[in-house]
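In: Predicted model and sequence below, questions to follow.
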Amino acid sequence: MAEKRAQQKILVIHGPNLNMLGRREPEIYGHQTLEEINNALQARAEQLGLRVETFQSNHEGEMVDRIQQADDVFDGIIINPAAYTHTSVAIRDALSMIAIPIVEIHLSNINKRESFRHTSLIADIATARISGFRAQGYQLALEGLAQLLSVVP
Ligand code: DQA
């Protein structure tokens, strides 16, 4: 009989200004707060048999530190780098170093917005991307990642 695998762990990283969700441009990002999004993620993770840890920072270097520490500890990352999506070579480089699957997520559809948001510096190193489903996208990202992780190579 196959050995039961240890519970898989997912790190969810929220970038700058996402702590303001609920109050921040709700016509673009929706009305849900970050706390509500994180609580919903925890609930779904429990149903899926996963563990989720969430982290938010307004600081690029703190996000880099967290990514560097993730490789040996987590089985996958869901990341919304927010504005750093479009500017941060440092976050791209940190994500490039780790071997676990990465899901890029955006609440809004970044390709439908201003042209400076059309470029994602992590798009070509992410395993998958979800963009435009607002808060619901986090649930979809978790479900997608759970499926990816359950596939036996
Ligand atoms: C965002 C899109 C970014 O362009 C923006 O800077 C954000 C949030 C999104 O989730 O839609 O802060 O990543």
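Out: Perfect, I can see it now.
In: quick one: residue 87 from residue 66, how far?
Out: From residue 87 across to residue 66, the span is 18 Å (Cβ to Cβ, to the nearest Å). (C-beta placed from N, C-alpha, C; glycine too.)
In: Please apply the same query to residue 91.
Out: Relative to residue 66, residue 91 is positioned 10 Å away (Cβ to Cβ).
In: thinking again about what came up before, quick one, which of residue 87 and residue 66 is more surrounded?
Out: Each of residue 87 and residue 66 has its neighbours counted (other Cβ atoms under 10 Å); residue 66 has more, 17 against 14.
In: And what about that one, helix, strand or coil?
Out: Under DSSP: H, G, I helix; E, B strand; the rest coil, residue 66 falls in the helix class.
In: I'd say it and residue 59 touch.
Out: No. Counting by Cβ atoms under 8 Å, residue 66 stays clear of residue 59, with 10.2 Å between them.
In: Near the ligand, which residues of this protein are found?
Out: Residues of the chain found near the ligand (Cβ under 6 Å from any ligand atom) are 17, 80, 82-83, 85, 106-108, 110, 117.
In: hmm, which of the residues you listed are the buried ones?
Out: Among the residues of the chain next to the ligand, those scoring as buried are 80, 82, 85, 106-108, 110, 117 (criterion: 16 or more other Cβ atoms under 10 Å).
In: Please flag which of those residues sit within strands.
Out: Taking DSSP state E as the definition of strands, these contribute 80, 106.
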